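Peer 1: What follows is a predicted structure for the sequence shown.
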Amino acid sequence: MGDVQKEVADCAQKVCKVFTVQYTKAYTLALVRLIKEEKNKKPKPDYHLTTRPTWDKEYKSGYLVKEGGKTKNWKKRWFVVRPNWTCDYYVDEATANSGPKAKKKGSINFCGYWVNTDPNDSTIGRLRKLADRMGIDFSSLPLPKPYPPLTLELYHSRRRCYYITAANKEEFDDWVAQFRNCCWYARGLTIDEECHRRAFPVAARKTRWELGRWSWWSNSGSEEQILAEMIADELDYDIMGKVYGKLVGPWVIRNMLRTKAQKVVDSAVMAVVKPAWSAMYKGVEALRPKIEPKIRDMVEPIFDAEKNVMDKIKDGVNGVIRPIQEEHVNPYLARIVDIVRKPMAEGFAEAFKIWEKKITEYDNKGKGDLQASFSELDWFPRSYWEMRDATNKAEGMYDGLRDLQVIFTDLWPWSLCWHATSAIRKTTDNAVYTWEQCLVKAGDGAGSDKAQQEKFKQETLAKFKHDADLATHKFSAKVMKLILLPPFEALLHPAAKHIIEPIASAIPDALQEFIDIKQNFEDLYNGILDDAITSVVNHSFGIMPADKSAPAIAASSSSSSSSSTTTTTTHNEGESSKSTESEEPKSDTTTVQAEVTVSS
């Protein structure tokens, strides 16, 4: 085991060394981009609804039965989902409501977790994979004890898994939906500073790429957790597979040894990660006050040098990008937008009906406090059952997306369906808030004035439909980008490497640390992909190129300085989607596949 521990330490130091370089570079470039954005502010989407401020109430609370972490007994607990998307659980409701210092039994941070609705199936599936990996006949293994009906699993590959049972099917579905929201919205990074939040995921992704692990990686958790899991993955590739293959004896013995080895590995990894990350961030904190004034003084020369580099890249990679685009992007553009657009349109159409019904049913019931009378309205966009007709329609895109998995293996259909339903909920919630604010501004009497309420309802509905159209257009483009960018990028980087690297000599020595030629290359092909996507999405919505009122979706290839950072999967609650009554395009979809070339 001593040799293994040394190999673990060596591997951890190797990964940390690569990450340190990537993080320092990404942080510096993020700072350059922030300064550029200050000078070149882009117009925001023309949403008409008022965005609800940050939610400050509990999302959900109630009793559930949870399996213990150490002693595997089942106990009833009171669960509370907080506004920051964490979940605390207590002995009972009275304890939870006893004050700010109420004693918790535990807390769940959902970053990196996944909700499985059938833990019996998911545990058996993981057992099969483990048996295959260890060369064991699955039929010879003892099967785990089955979980009771209506049990959900909060699964993480390297952290504690939770098994939770609901009292009935309605509660089960509601909690599954709530926990899935927590998994998506939870923010794991502990340092709330803009450059860091931009730089850290970029550095993590590029570290994996530099180590030869090509995929569209999603990183969830705190900074230390992400680094530790990155190292653990690298160890699995390089070392632990060989260790597990040498284990002998009955399954129970081998599995026990494997578990013990994992604990040793995790302990050794964290021993390296904690001091390494602390030193890394302190170094960057000390760097910023020195480089920020320098960047601001040199912003124009940086812009000029970047333009020169971009021109050289365009000249060099046109012959590389075009064939990859024509083979791996263009044939799928129209197909993807067709898969996404109709379910979103139908989902928003149902959302309009639900919203109108709820607004019509509103009654102040003689309450003087308007805000108090809005409580039921505030909750319905977050309710699984209230919104299920709308969300079920949006989830109609699942089958079409699943069919694409044969080609795009990194595609997660349920992930995109979740983003779709989240978009519908968010836009609906903004419509509720906008209508409420109309009543608040009109005064207390508006709470019982049905004529005035109806007037505000019609005004808000028009805004709702406008924002839904804009959001559906934007969402369609976003889905296409998320599907097409990973394979496009993975093919382009190796193919263009021999062209890109020599161009670095065109960057003046004084600007070397502020310009990343690889980032410029990424900006270029992100812009090209955006142009191709925008062309097809606009055609699908019946928007001609000259129509200045068309929603602005993506920057062109000549102005895509921030596109590569925005393509990383994020949990943006402000993005929504919509139903549209515009006709389906009458021309054959093959005629609208974009043919975008690199031009200056």
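Peer 2: Now that the structure is in, tell me what you want to look at. Quick caveat: nothing in here was measured; it's all calculated off a predicted structure. Numbers count the residues shown, from 1 in each chain.
Peer 1: Mind jotting down where the helices sit in the stretch 401-550 of the chain?
Peer 2: 413-442, 450-503, 517-540 (DSSP state H, counting those that start in this stretch).
Peer 1: Pull up the distance across stretch 509-516, start to finish.
Peer 2: 12 Å (CA to CA, to the nearest Å).
Peer 1: Equivalent analysis for stretch 320-337, please.
Peer 2: Start-to-end, stretch 320-337 (CA to CA) is 26 Å.
Peer 1: for Gly112, what are its contacts?
Peer 2: 156, 159, 188, 220-221, 225, 229 (CB atoms under 8 Å, 6 or more residues apart in numbering). (Each C-beta comes from the backbone N, C-alpha and C, glycine too.)
Peer 1: repeat that with 6 Å
Peer 2: 156, 220-221 (CB atoms under 6 Å, 6 or more residues apart in numbering).
Peer 1: remind me which residues of this structure are low pLDDT?
Peer 2: Scanning the chain for pLDDT under 70 picks out 1-5, 133-135, 214-219, 237-267, 365-368, 444-447, 544-600.
Peer 1: What is the neighbour count of Lys17?
Peer 2: 12 (other CB atoms under 10 Å).
Peer 1: how near is it to Tyr27?
Peer 2: From Lys17 across to Tyr27, the span is 16 Å (CB to CB, to the nearest Å).
Peer 1: Could you find the closest non-adjacent residue to Glu171?
Peer 2: The shortest distance from Glu171 to any non-neighbouring residue, by CB to CB, 6 or more residues apart in numbering, is to Gly62 (7.0 Å).
Peer 1: measure the one you found to Lys76 for me?
Peer 2: To Lys76, Gly62 is 11 Å away according to CB to CB.
Peer 1: The two: which has the busier surroundings?
Peer 2: Gly62 (15 against 12).
Peer 1: Surely the residue nearest to Glu171 is within a helix?
Peer 2: No. Gly62 is assigned strand when assessed by DSSP: H, G, I helix; E, B strand; the rest coil, not a helix.
Peer 1: Could you give the bridge partners of it?
Peer 2: For Gly62, the beta-bridge partners are Phe79 (DSSP bridges).
Peer 1: among the helices of the stretch 401-550 of the chain, which is nearest Lys294?
Peer 2: Of all the helices of the stretch 401-550 of the chain, the one in closest proximity to Lys294, counting by CB to CB, is helix 517-540 (18.6 Å).
Peer 1: quick one, that closest one and helix 450-503 angle?
Peer 2: 140 degrees (axes from the mean of the first three to the mean of the last three CA atoms, to 10 degrees).
Peer 1: and helix 517-540, what does it pack onto?
Peer 2: Under the contact criterion of 3 or more CB pairs under 6 Å, 6 or more residues apart in numbering; DSSP states H and E, helix 517-540 touches helix 299-328, helix 330-361, helix 450-503, helix 563-566.
Peer 1: now these as a markdown table including distance to Thr427?
Peer 2: Formatted as a markdown table, the helices and strands packed on helix 517-540 follow (distance: least, CB to CB, whole Å):
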| stretch | distance to Thr427 |
| --- | --- |
| helix 299-328 | 32 |
| helix 330-361 | 7 |
| helix 450-503 | 6 |
| helix 563-566 | 20 |
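Peer 1: Can I get the ones you listed in TSV including mean neighbour count?
Peer 2: TSV is the format used below for the helices and strands packed on helix 517-540 (neighbours: other CB atoms under 10 Å):
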stretch	mean neighbour count
helix 299-328	17
helix 330-361	20
helix 450-503	19
helix 563-566	20
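Peer 1: quick one: which of those is nearest Leu152?
Peer 2: That would be, of the helices and strands packed on helix 517-540 and by CB to CB, helix 330-361, which comes in at 24.3 Å.
Peer 1: closest one to Ala271 among the helices and strands packed on helix 517-540?
Peer 2: Here helix 563-566 is closest among the helices and strands packed on helix 517-540 (CB to CB), at 32.3 Å.
Peer 1: Surely Val272 forms part of a helix?
Peer 2: Yes. Using three-state DSSP, the assignment for Val272 is a helix.
Peer 1: check contacts around Phe521.
Peer 2: 313, 500.
Peer 1: so how far is Ser415 from it?
Peer 2: 27 Å.
Peer 1: One more: Lys314?
Peer 2: Distance from Lys314 to Ser415, by CB to CB: 33 Å.
Peer 1: again with Phe200
Peer 2: Counting by CB to CB, the gap from Phe200 to Ser415 is 21 Å.
Peer 1: Phe514 now?
Peer 2: Computed with CB to CB, the distance linking Phe514 and Ser415 is 35 Å.
Peer 1: Looking at the two, which has the bigger crowd around it?
Peer 2: The neighbour count for Phe514 versus Ser415, taken as other CB under 10 Å, is higher for Phe514 (21 against 14).
Peer 1: wait, what's in contact with the more buried one?
Peer 2: Going by CB under 6 Å, 6+ apart, Phe514 touches 32, 302.
Peer 1: Check the spacing between Phe172 and Arg126 real quick.
Peer 2: For Phe172, the distance to Arg126 (CB to CB) stands at 22 Å.
Peer 1: Please say which of those two ends up with more neighbours.
Peer 2: Phe172 (19 against 13).
Peer 1: Chain neighbours aside, what residue packs nearest to the more buried one?
Peer 2: Nearest residue to Phe172 in three dimensions, chain neighbours excluded: Ala166, at 3.9 Å (CB to CB, 6+ apart).
Peer 1: and what of Asn109?
Peer 2: Nearest to Asn109 is Thr86, by CB to CB, 6+ apart, at 5.5 Å.
Peer 1: Verify the assumption that Asn84 is located in a strand.
Peer 2: No. Per three-state DSSP, Asn84 lies outside any strand segment and is coil.
Peer 1: Can you tell me how far it is from Ile108?
Peer 2: From Asn84 to Ile108 the distance is 12 Å (CB to CB).
Peer 1: With Gln437 instead?
Peer 2: Applying CB to CB to Gln437 and Ile108 gives a distance of 34 Å.
Peer 1: what's the answer for Tyr525, then?
Peer 2: Applying CB to CB to Tyr525 and Ile108 gives a distance of 39 Å.
Peer 1: Neighbour count for the two, which is higher?
Peer 2: The residue with more neighbours, out of Tyr525 and Ile108, is Tyr525; 26 against 21, by other CB under 10 Å.
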